[in-house]
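> what follows is a predicted structure for the sequence shown.
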Amino acid sequence: MSLIPSFFGRRSNVFDPISLDLWDPFQDWPFSSALSAPVRSDLSNETSQFAATRIDWKETPEGHVFKADLPGLKKEEVKVEVEEGNILQISGERNSEKEEKNDTWHRMERSSGKFLRRFRLPENAKMDQIKARMENGVLTVTVPKEEVKKPDVKAIEISG
């Protein structure tokens, strides 16, 4: 592990003013900070990978589209909510499998745990028309946006 932290290696939106993700400047240091939990085992690392669910956000002329890969989750296990008027919140939980007395686990690589992502939506988002769809483990949230009214331009004839 390097003594100098990697500021740009893990997070693609360090300078994104819209993102509400917490950036921990000490996440790569050999000690734990208030934001990063101490590494207890490989299991905690796997859980944190699911907790940091990656979500794509693209803007189209019609609106904003969010896509999250959530394999194995049912739509009942995922929540899509709007908080404080313009904050889109996507959350859910994947429970780990229960260990039976007679079972012997050789490998446990699938992630489990809770996840929560928040996005501050722009003012032109139509908050009352948000739609969410879950298909083949991919959550798609569509947020339509208001049409930008172009100002009427009137040509003025120049006399003289």
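All right, it came through fine. Model, not experiment: these values are computed from the prediction.
> what strand or helix carries the residue nearest to residue 105 when sequence neighbours are not counted?
Once its chain neighbours are removed from consideration, residue 105 has its nearest residue in residue 99; the separation is 7.1 Å (CB to CB, 6 or more residues apart in numbering). In short, each C-beta sits where N, CA and C put it, glycine included. Under DSSP states H and E, no helix or strand contains residue 99.
> residue 99: neighbour count?
10 (other CB atoms under 10 Å).
> now swap in residue 89 and tell me
Look at residue 89: counted by other CB under 10 Å, it has 15 neighbours.
> correct me, but it touches residue 78?
No. Here residue 89 lies out of contact with residue 78, judged by CB atoms under 8 Å, at a distance of 11.1 Å.
> for residue 102, see how far away residue 67 is.
Applying CB to CB, to the nearest Å, one obtains 40 Å for the distance of residue 67 from residue 102.
> what about the two, which has more around it?
For residue 67 and residue 102, the more surrounded residue by other CB under 10 Å is residue 67, and the numbers stand at 15 against 5.
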